[in-house]
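# Got a predicted structure plus its sequence, pasted below:
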There are 2 protein chains.
Amino acid sequence: MKQLANIRDVAKEAGVSVASVSRYLNKKGYISEEAKKKVQSAIELLGYKPNLVARSLSTKQTNLIGLIVPDITNPFFPELARAVEDVALSYGYTVILCNSDEEAEKEINYIEMLKQKYVAGFIVATNQLQASHYEDLDIPIVALDRMIHDSIPTVSSNNIEGARLGTSYLLEQNCQNIVFMRGPSGLGPADDRLAGFLEAIEGKDITSHIIECPFNFEHSERIAKKFLTEIEGVDGIFASTDVSAAGALKAAYSLGISVPSNVQIIGFDGISLAGMLTPGLTTVAQDIYKLGAIAMRMLIKKIEDIELDDKVIQVPVELVVRGTTRSELR
Amino acid sequence: MKQLANIRDVAKEAGVSVASVSRYLNKKGYISEEAKKKVQSAIELLGYKPNLVARSLSTKQTNLIGLIVPDITNPFFPELARAVEDVALSYGYTVILCNSDEEAEKEINYIEMLKQKYVAGFIVATNQLQASHYEDLDIPIVALDRMIHDSIPTVSSNNIEGARLGTSYLLEQNCQNIVFMRGPSGLGPADDRLAGFLEAIEGKDITSHIIECPFNFEHSERIAKKFLTEIEGVDGIFASTDVSAAGALKAAYSLGISVPSNVQIIGFDGISLAGMLTPGLTTVAQDIYKLGAIAMRMLIKKIEDIELDDKVIQVPVELVVRGTTRSELR
DNA sequence: TCTCATTGTGTAACCGGTTACACATAATAT
DNA sequence: ATATTATGTGTAACCGGTTACACAATGAGA
């Protein structure tokens, strides 16, 4: 089998030094038109491709970026990952997928491992770790969806505003007795969404119940079934997550409670699942793709040492009205 | 900032040569107990971590594996990816996520790029490329979900058997007029599922309609709406995909056709979506996680040059009965 | 004419590992 | 006693890039 050509082969073929070839490849330093031509054709002739590993060894940089998510299986993350990958690819970067399961140890292991590989940066959609771990990492990082620390650029949705928006809509639809299914406390977006909800019902003459519930379909269904039987007269549910909302919807269905005529339901996230349910789930939609794309672009700026316009970016959310709420129009 | 220690620092600290340190690290070649001890404590003292990039340069091997999927956003793939990642991690490998969008060019680009990075192997869940591209790649490959070529180890579900199973169940439930929503023709699993369906209705006295339909919710819904209005008396739908089935379910709902009393629906895949729908989707479930895990284990064997017991592994499927089919029990 | 900046090029060290090979010593076989 | 084998270690070349630095040649400015 023909051995792959290396830079010295190219230099010899072109009749120049390796330095010139390298300068040509990196468009760095002086090189004459003539030498450029010779190198060009030598490269073509030999089918030369630079060895990225060798390059990384000397530059201490790769075009690898680590994407750390809790679990790609959670339907919020694939779209995020897709966006990250798309943007990364268009800039010549490649993404390593890391599922942390929200476990600090797995996260640390991944970070250590990837550091040894000279990854160019991290996009982190977990906040398991102490911020300190990231601070003294001296590798570019962008936090996605969740705030890690003031010093780390963050892109997330406007969760407070979103929760306000959803709640107001429920109020407009005349809900008087609302259950807010909040996500795990301590988790940034979950806390923010609760805050937005509380703000929106502040001073309003309605009954509300805050119930904690993990971001998981089965648990959500079970919990919803419980409160729908135990609490009298619930006429609105705001779930912090579309998956939880789906659980609530299914719970209502199995209890013979009709949606939206008896109970109206709103979710949060805007994942594709929302549109697949029957009735379609009304939800506060994040622009998930944009979230990921912006994060990746920020990371690239940090890697290339370009000043960031903003360290914290909030992406607006949008209420998408479907069939789980009553609408004058339908 | 303290510079990271390298192998020469360790050698000096331990009072041995770099070769001994390297031998210790790789558990390869002779090394005395005494030297081992000295190296061990030097490593500990200096907090030494081998530089993986340097190692790769000289061994021409990384512990990176490329996972090529059409689109991680398609809910079938996250679970697959998760399984691959889990197994990879447990063997010290790391996975690069590549979305090909079924485009040959993207796929080739990724393969070229990753080859330059000395990836250890590929798991490919696309069959866009000519098999020839893979054959003369001299990098270990495992095909997942779809067959690429006889020479390439493959792990997939038993699609024919699955379709037979689903169809038989529909027949048992007394469906007489069945629409089979087949996936894109030319795509291995889609063709197999059709074949299984045809086999199962062979000789049975029922009416059947084969309708081609992409693996995509919106299209599926539209197509289902169309055939549900145009074809008289449809009482069963077998969709090649859970997502398509979800589309059909929604179409039925919006046309006021009740499921399962008027039309029964069966999907294929067993993604989590199926359980979240109301009514729950009866489906031919693949063991998606197992598919991914087996593929990754096979790949590792190939990488480590261990003989494979079987080059082609078929993972059994299972009928999961939920609410979109009539059951004696409910 | 004599600086000196600008452009262009090559040599060799360096990044941080692996490993072929030479060399040494001790134990065992002949 | 000698050959052979197993055990143990170090030197230096190598993987394939990047780049500091030395050195030319050319043209402009004083």
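Thanks, I have the structure now.
# give me the residue from the stretch 1-150 of chain A nearest DNA strand D.
Nearest to DNA strand D, among the residues of the stretch 1-150 of chain A, is residue A:7, at 2.8 Å (C-beta to the nearest atom of the strand). C-beta coordinates here come from the backbone N, C-alpha and C atoms, glycine included.
# and that residue, how many neighbours?
19 (other C-beta atoms under 10 Å in any protein chain shown).
# so it touches residue A:50, yeah?
Yes. Counting by C-beta atoms under 8 Å, residue A:50 is a contact partner of residue A:7 at 7.1 Å.
# Give me the common contacts of the two.
Contact with both residue A:7 and residue A:50 is made by residues residue A:25, according to C-beta atoms under 8 Å, 6 or more residues apart in numbering or on different chains.
# For the residue of the stretch 1-150 of chain A closest to DNA strand D, grab phi and psi.
Backbone torsions for residue A:7, taken as degrees, to the nearest 10, come to phi -60, psi -30.
# That one and residue A:21, how far apart?
The gap separating residue A:7 from residue A:21 is 5 Å, by C-beta to C-beta, to the nearest Å.
# Equivalent analysis for residue A:201, please.
Where residue A:21 is concerned, residue A:201 sits at a distance of 68 Å (C-beta to C-beta).
# So these two - more neighbours on which side?
residue A:21 (27 against 21).
# quick one, what contacts the more buried one?
Contact analysis of residue A:21 by C-beta under 8 Å, 6+ apart lists A:7, A:10, A:11, A:14, A:39, A:42.
# in chain A, what secondary structure element scores lowest on mean pLDDT?
Within chain A, no helix or strand scores below helix A:131-135, which has a mean of 65 by mean pLDDT, DSSP states H and E.
# returning to what we had before: now the contacts of residue A:21 as a markdown table including distance to chain B, pLDDT and secondary structure?
Shown next, in a markdown table, are the contacts of residue A:21 (distance: C-beta to the nearest C-beta, whole Å; pLDDT from 0 to 100; DSSP: H, G, I helix; E, B strand; the rest coil):
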| residue | distance to chain B | pLDDT | secondary structure |
| --- | --- | --- | --- |
| A:7 | 13 | 95 | helix |
| A:10 | 15 | 94 | helix |
| A:11 | 19 | 94 | helix |
| A:14 | 21 | 93 | helix |
| A:39 | 19 | 94 | helix |
| A:42 | 18 | 94 | helix |
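# Now the buried members of those.
Among these, the ones that count as buried by 16 or more other C-beta atoms under 10 Å in any protein chain shown are A:7, A:10, A:11, A:14, A:39, A:42.
# My guess is the last one contacts residue A:8. True?
No. If you go by C-beta under 8 Å, residue A:42 and residue A:8 don't touch, sitting 11.2 Å apart.
# so where's chain A uncertain?
A:1-3, A:128-136, A:327-330 (pLDDT under 70).
# Any part of stretch A:290-308 near chain B?
No. Using C-beta under 8 Å from any C-beta of the partner chain, stretch A:290-308 never reaches chain B; the gap is at least 11.0 Å.
# in that stretch, what counts as buried?
A:291-303.
# Quick one: end-to-end distance for stretch A:277-293.
27 Å (C-alpha to C-alpha, to the nearest Å).
# Next: stretch A:182-189.
Taking C-alpha to C-alpha as the criterion, the two ends of stretch A:182-189 lie 10 Å apart.
# got a list of contacts for it?
Contacts for stretch A:182-189 (C-beta under 8 Å, 6+ apart): A:127, A:145-147, A:156-157, A:159, A:190-191, A:193-194, A:197, A:210-215, A:240-241, A:244.
# Same question for stretch A:197-208.
Against stretch A:197-208 from outside (C-beta under 8 Å, 6+ apart): A:160, A:163-164, A:166-168, A:171, A:175-180, A:182, A:238.
# give me that answer again for 7 Å
Identification of contacts with stretch A:197-208 by C-beta atoms under 7 Å, 6 or more residues apart in numbering or on different chains yields A:163, A:164, A:167, A:168, A:171, A:176, A:177, A:178, A:180, A:238.
# would the third one count as being in a helix?
Yes. Residue assignment for residue A:167, taken from DSSP: H, G, I helix; E, B strand; the rest coil, places it within a helix.
# tally of neighbours for it?
Neighbours of residue A:167 using other C-beta under 10 Å come to 28.
# And the helices in the stretch 1-150 of chain A, which stretches?
Using DSSP state H, counting those that start in this stretch, the helices of the stretch 1-150 of chain A run over A:7-14, A:18-26, A:33-46, A:52-59, A:77-90, A:104-116, A:131-135.
# which of those helices sits most buried?
Burial of these is given as mean neighbour count (mean count of other C-beta atoms under 10 Å in any protein chain shown); helix A:77-90 ranks first at a mean of 22.
# Help me see whether it makes contact with chain B, please.
Yes. Interface with chain B: helix A:77-90 contributes A:78, A:79, A:81, A:82, A:85 (C-beta under 7 Å from any C-beta of the partner chain).
# residues touching residue A:311, list them.
Per C-beta under 7 Å, 6+ apart, neighbours of residue A:311: residue A:153.
# Get me the contact residues on the stretch 1-150 of chain A for DNA strand D.
A:4, A:6-8, A:18-19, A:22-23, A:25-26, A:28, A:48-51, A:54-55, A:57-59 (C-beta under 7 Å from any atom of the strand).
# do that again at 10 Å, thanks
A:3-11, A:17-26, A:28-30, A:48-61 (C-beta under 10 Å from any atom of the strand).
# related to what we said a few turns ago, show me the subset of the buried ones among the contacts of residue A:21 that also lies near DNA strand C.
A:7, A:11, A:14, A:39.
# Among the residues you listed, which one sits closest to residue A:224?
Nearest to residue A:224 among these is residue A:7, at 63.1 Å by C-beta to C-beta.
# just checking, that closest one touches residue A:18?
Yes. Residue A:7 lies in contact with residue A:18 (C-beta atoms under 7 Å); the separation is 5.2 Å.
# which stretches of the stretch 151-300 of chain A form helices?
Under DSSP H, counting those that start in this stretch, the stretch 151-300 of chain A gives helices at A:159-172, A:188-201, A:217-230, A:242-254, A:273-276, A:288-303.
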